[in-house]
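> just need the structure, nothing else, for what follows:
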Amino acid sequence: MVFFAAHPSSVVAQSTGAEVFLKPKPLPPKKNSTALAATAAPVAGSPWQLLTNQPPVLDYADCGPGNPILLTDGTVMVQDDGCRDWWKLTPDEFGSYVNGTWTQLASTPAGYSPLYHSSAVLPDGRIIIEGGEYNFLHAVWTNLGAIYNPLTNTWTSVNPPTGWSTIGDAQGVVLSDGTFMQANCCTPQAALLNLNSLTWTPTGSNKFDVNDEEGWTLLPNKQVLTVDAYVFAYDAKGTNSEIYNPATGSWSSAGSTISQLWDSAAGCGGKNHASFEVGPGVLQPDGTVFYTGANRCGAGHTAIYNATTGVWSAGPDFPDTLDIADGPAALEPNGKVLMMASPKIFNTPATFLEWDGATLTQIPPAPNASNDSSFYGNFLVLPTGQILFTDFFFVSVYNPGGTYDPAWAPSIQSAPTRVRPGGPYTISGHRFNGMSQGAAYGDDQQAATNFPLVRITNNRTGHVFYSRTHDHTSMAVASGDPVSTHFDVPATQEHGPSQLVVVANGIPSAPVAITVD
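Model (predicted):
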């Protein structure tokens, strides 16, 4: 049997000290040790595959695999979500993540075991996590944070910005210039991190409402889009959106989303029943952002933001009573947006859909969809073009159909012709950061992959190796500007003639021939 956490019947104020918060999102579903065995494998021909080896997390019953993060050496970090243990998935010798293996990483610092927190891959290759709606599975909207160094397998605690008592289930983003920006969930505050001193500088003036439940989408013009959730500023018909301009450090209105994307429960109880949830927004290669919504009263709405014109238009409603009240979406290499929806607010089962720019289409379900709600899920775009999926239960991959437009692929302009195992090198070109951040999830648990990976495949054996990249000169999406990055060839790299590609958001460049000495 699989047991689930209780669903909240409404959103209510909850006091913690001097702060007042919304009722927290539910905890991970309770599971027993037979849950995996009880789940049927995908049917023949399904686009979904369960990983051959599942992560051996330490507390499967209370936590479970989630929050996948792609490191710049091609491995994937996964948290035992809500618990302190983290795990690394290494693809097999032919680059298969489905047949990859797991090793345990260092646990987060003592006293910090977050759930529903922000996360980002920094330009130097380190990983930052900030806040958490829960800490040790207790709802506290913590202001703790930490940075993981994959070279040393260690975590370093990060102090919060001055005066912040909360970070919670907040959004974070690496801006186009490589600066990490973090929100305070429960105020309008945001701050920029200095990676050298690990100190913060305030930013984000003129925010319309508090940051809670809102997501951030990086745009081609290097600005950041958000859809207001009207937390503590309830307006039953509110449809405002905002743009953050890094040059001024301030927010301004981006206009009405036309369709309401946050859950106001206006037609079924109003303010005291609203969840204030918003779904993810994903930038597509055509320069539009497909934004999804939540709705306690029925089908969720969608809207489309044209990043070139700055104009919103209404998108199609989800079928039946589906919506995304927190949940994942990801840009497939073919340009479609993959989504995970579920009925109304925090209910089961989950339904998976694709948006092709004109139509919402239901696709086959993931292996555990009957037990899932949208907020259980996280997507991550893998270097293979597959979409890795976690749901507190298992880890699987989705295999998209079709292919990418060559105009979206990275283009190498300068690369070494000979390398040696263990050596440091530089490579440069265009579109090294891809056309989008890749994946999104409501407010927390970001899994952006808009950074370059270097993959070297030996011509004789076909064995695949990823070099660790770091210190990219830009993190700008859909940019024509030149970009360079450093890469360190692994000591295990096989000798001989090989092919090198740069990969961003699952799309590889044309290969260049190199020799490994």
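
> and the lowest mean pLDDT element among the helices and strands of the chain?
Taking mean pLDDT, DSSP states H and E as the measure, the chain has strand 13-16 as its least confident helix or strand, at a mean of 44.

> what residue is smack in the middle of the chain?
Closest residue to the average C-alpha location of the chain: residue 447 at 2.4 Å, with Cα atoms, centre = their mean.

> residue contacts, the residue nearest to residue 283 when sequence neighbours are not counted?
With Cβ to Cβ, 6 or more residues apart in numbering as the measure, residue 436 is the residue that lies nearest to residue 283, at 4.2 Å, once sequence neighbours are left out. Every residue, glycine included, has its C-beta placed from N, CA and C. Under the criterion of Cβ atoms under 8 Å, 6 or more residues apart in numbering, the contact list for residue 436 reads 282-285, 331, 450, 477-478, 505.

> next: residue 393.
For residue 393, the set of contacting residues under the criterion of Cβ under 8 Å, 6+ apart consists of 29, 31, 35-36, 39, 64-65, 368, 371-372, 376.

> repeat that with 7 Å
With contact set as Cβ atoms under 7 Å, 6 or more residues apart in numbering, residue 393 has these partners: 31, 35, 64, 368, 371.

> cool, and residue 112?
Contact criterion Cβ under 7 Å, 6+ apart gives 135, 144, 146 as the residues in contact with residue 112.

> for stretch 104-114, measure first residue to last.
18 Å (Cα to Cα, to the nearest Å).

> ugh, wrong one, stretch 344-359
21 Å.

> if you count neighbours, what's buried in it?
When neighbours are counted by 16 or more other Cβ atoms under 10 Å, the buried residues of stretch 344-359 are found to be 344-348, 350-355.

> low pLDDT regions in the stretch 151-300 of the chain?
For the stretch 151-300 of the chain, not a single residue meets the criterion pLDDT under 70.

> all strands of it, in order?
For the stretch 151-300 of the chain, the strands identified by DSSP state E, counting those that start in this stretch occupy 154-157, 172-174, 180-183, 190-194, 199-203, 217-218, 224-227, 240-245, 250-256, 278-283, 288-293, in order along the chain.

> elements contacting the first one?
Pointing back at strand 154-157 there. strand 145-149 (3 or more Cβ pairs under 7 Å, 6 or more residues apart in numbering; DSSP states H and E).

> list the strands paired with the strand it packs on, with their directions.
Each strand paired with strand 145-149, and its direction, by DSSP bridges: strand 127-130 (antiparallel), strand 154-157 (antiparallel).

> can you put these in a markdown table and add distance to residue 323 and mean neighbour count?
Converted to a markdown table, these look like this (distance: least, Cβ to Cβ, whole Å; neighbours: other Cβ atoms under 10 Å):
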| stretch | distance to residue 323 | mean neighbour count |
| --- | --- | --- |
| strand 127-130 | 27 | 25 |
| strand 154-157 | 36 | 16 |
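
> tell me which of those strands sits nearest to residue 388.
With respect to residue 388, and counting by Cβ to Cβ, the nearest of those is strand 127-130 at 16.0 Å.

> which non-adjacent residue is nearest residue 118?
Leaving aside its sequence neighbours, residue 118 sits nearest to residue 172 (Cβ to Cβ, 6+ apart; 3.5 Å).

> what pLDDT, on average, does the lengthiest strand in the chain get?
Looking across the chain with DSSP state E, the single longest strand is strand 496-504. Model confidence over strand 496-504, given as mean pLDDT, is 98.
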